[in-house]
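Here's a sequence, model it:
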Amino acid sequence: MGGQTLHCHLTDCEWELIEPLLPEQGCGGRPRTTDLRRIADAMQHLPGTGCQWRSLPDAHPPFSTVRNCFHAWSKSGVLTRMLQRLQECARHLVGRSPGPGAGRRTRGRKRHVVTDVEGSPVGIVVHPASVQDRDGASGVVQGALAKAPGITRLRADGGHAGPRSERTLKEPDAGVDLDIVRKARDGKGFEVLPRRWVVERTFAWMGRCRHLSRDHERTMASSEGWVTLAACRFPMRGIARVMEEKGMESVQS
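This is a model prediction of the structure:
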């Protein structure tokens, strides 16, 4: 199997986008012997197919090597910075400012996400199942505001209404308006609510990664890392597709 080509391999254009965002060889320790591109390919294979670590095909590096890199990159913030940089590049291609526009919060399966108007995740936090939406909102909002201080407005569903969310957004440095999107009291049946589809579409995108169909991780940090890695796929593939169609050079700088 060592020479087989897998459908989850990164294209040359996609690799050019993320290569500058990966950590270089450190000063200490043994020299790196595994190609980072092969490790990145393996990481794309895992969420896309949902296979277990030990079931990683032989065409990829040893699963222990890939697993150690994943946990190291997740813990050190490499994946979070990669997502942020890819989002900036994606906004640049469509003529938007580098910072995200107004977003909103919604809940997933133990996942709390803040997205921009395009549906790209700005903040990602994984909670225990016992945490209510309104209680977990403060953490993900504070994280999103730290990464994107230009946010001035958030939309959320009724599950996020409450004094705790309001206190978070009324802090001196926040300056964010919170809009609770509610269903009409006399409404019956299905009703399309303003901007609800944006974040629902984001979770649908994540649903394409079989690894995220269920939470298999032992720790919250590992679960957040997989969600962040999956979120990187959206802008990375979109940017690469545009660049390949237009024959553009990498927008990384």
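
now residue 59: how far from residue 91?
To residue 91, residue 59 is 35 Å away according to CB to CB, to the nearest Å. (C-beta placed from N, C-alpha, C; glycine too.)

Pick out whichever of these two has more residues nearby.
residue 91 (19 against 16; other CB atoms under 10 Å).

host element of the more buried one?
helix 78-93 (DSSP states H and E).

Output that helix as CSV, restricted to C-alpha atoms.
Taking C-alpha atoms only, helix 78-93 is exported to CSV below (Å, rounded to 0.1, in the frame of the first residue of the first chain):
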residue,chain,number,x,y,z
VAL,A,78,-1.1,25.7,15.3
LEU,A,79,-4.5,24.5,14.1
THR,A,80,-6.2,27.6,15.5
ARG,A,81,-3.7,30.0,13.8
MET,A,82,-4.0,28.0,10.6
LEU,A,83,-7.8,28.4,10.5
GLN,A,84,-7.5,32.1,11.2
ARG,A,85,-5.0,32.7,8.4
LEU,A,86,-7.0,30.7,5.9
GLN,A,87,-10.1,32.7,6.8
GLU,A,88,-8.2,35.9,6.2
CYS,A,89,-7.0,34.6,2.8
ALA,A,90,-10.6,33.5,1.9
ARG,A,91,-11.9,37.0,2.7
HIS,A,92,-9.2,38.6,0.7
LEU,A,93,-10.1,36.6,-2.4
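
which helices and strands does that helix pack with?
With contacts taken as 3 or more CB pairs under 8 Å, 6 or more residues apart in numbering; DSSP states H and E, helix 78-93 sits against helix 12-18, helix 220-246.

One more pass at 7 Å, please.
helix 220-246 (3 or more CB pairs under 7 Å, 6 or more residues apart in numbering; DSSP states H and E).

which parts of the helix it packs on are buried?
222-240, 242-243 (16 or more other CB atoms under 10 Å).

swap in stretch 31-46?
Across stretch 31-46, burial judged by 16+ other CB under 10 Å covers 36, 38, 39, 40, 41, 42, 43, 44, 45, 46.

okay if I get those residues as TSV plus pLDDT, distance to residue 210 and secondary structure?
As requested, the buried residues of stretch 31-46 are exported to TSV (pLDDT from 0 to 100; distance: CB to CB, whole Å; DSSP: H, G, I helix; E, B strand; the rest coil):
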residue	pLDDT	distance to residue 210	secondary structure
36	91	24	helix
38	92	21	helix
39	92	20	helix
40	91	18	helix
41	91	17	helix
42	91	15	helix
43	90	14	helix
44	87	12	helix
45	88	11	helix
46	84	9	helix
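
Mind putting these into a markdown table with distance to residue 122?
A markdown table is the format used below for those (distance: CB to CB, whole Å):
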| residue | distance to residue 122 |
| --- | --- |
| 36 | 26 |
| 38 | 30 |
| 39 | 26 |
| 40 | 23 |
| 41 | 27 |
| 42 | 27 |
| 43 | 22 |
| 44 | 22 |
| 45 | 26 |
| 46 | 24 |
